[in-house]
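In: Got a predicted structure here, sequence first:
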Amino acid sequence: PMTRIGVYLDAGSEQFTVKNRYNTTLDGILDLEATLSDSVTNIMTKPPDCVAKPVGNKARKQVKLGKILDQMYSDLQNEKLQTDEGEKPIRLLEKIEKPIPRPPTPTIDAPTKEEEEQELAIILLQRVIRGKAIQNKMIEGKEMRSDMIEELRTTHALQSPEQQEKKKETEAILGEQRARERQEHKE
């Protein structure tokens, strides 16, 4: 393919331009308009008569439901007209039995102030007893496992001196590393 850098494709297109008085002056354009018929200058377009189709699933369902409802309405109107013309059915043909009345709601007398205080005292006593029972269970569990607790305390006491020795060793190693780094930077 040929490269087109610096080449303008429209170069020299001025030679094909038509130059006459109709294109360049206002009087020429007005003369051209006068020679044209009115059907060319005044265009009257009429949009086509088309029924807008519903777009989307929801719109289509609504149109379908509307058609069904219209059909049902027309069927009901036809049935109403037919019943109006014929004999009317008897409205009160069946006897409607009344339901059995509900019994009255039972009521409870409000407790006296002394009964309320006694009930609150009982609740407090129950809480105290339950709390003491839980406390006793904890103490019994502690006594049952006192051997394990003592063993853990002794192993933890033995571990602390070993941990201190390891800590001193790591500090010594870190100190030596820092000293080496300082010497390397000086050189």
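Out: Arrived safely, thanks for sending.
In: so where do the strands sit in the protein?
Out: Under the criterion DSSP state E, the chain contains no strands.
In: Sketch out the low-pLDDT regions of it for me.
Out: Across the chain, the ranges flagged by pLDDT under 70 are 1-2, 84-92.
In: Give me the most central residue, the chain.
Out: The centroid of the chain falls nearest to Lys58 when counting by C-alpha atoms, centre = their mean (21.1 Å).
In: Return the distance of it relative to Leu65.
Out: Noted for Lys58: a distance of 11 Å to Leu65, by C-beta to C-beta, to the nearest Å. For glycine as for every other residue, the C-beta is placed from the backbone atoms N, C-alpha and C.
In: Repeat that for Ala133.
Out: For Ala133, the distance to Leu65 equals 69 Å [C-beta to C-beta].
In: Next: Thr170.
Out: According to C-beta to C-beta, Thr170 stands 81 Å off from Leu65.
In: ditto for Lys98
Out: Lys98 is 40 Å from Leu65, where distance means C-beta to C-beta.
In: So if I had to pick from the two, which one is more boxed in?
Out: Remark: of Lys98 and Leu65, Leu65 carries more neighbours, 10 against 5, as counted by other C-beta atoms under 10 Å.
In: Mind naming the longest helix for the protein?
Out: Scanning the chain for the longest helix, with DSSP state H as the assignment, gives helix 146-186.
In: Show me what that helix is packed against.
Out: Applying 3 or more C-beta pairs under 8 Å, 6 or more residues apart in numbering; DSSP states H and E, we find helix 146-186 packed against no helix or strand.
In: what ranges do the helices span in this structure?
Out: When secondary structure is read from DSSP H, the chain shows helices at 21-24, 26-35, 38-41, 57-85, 113-144, 146-186.
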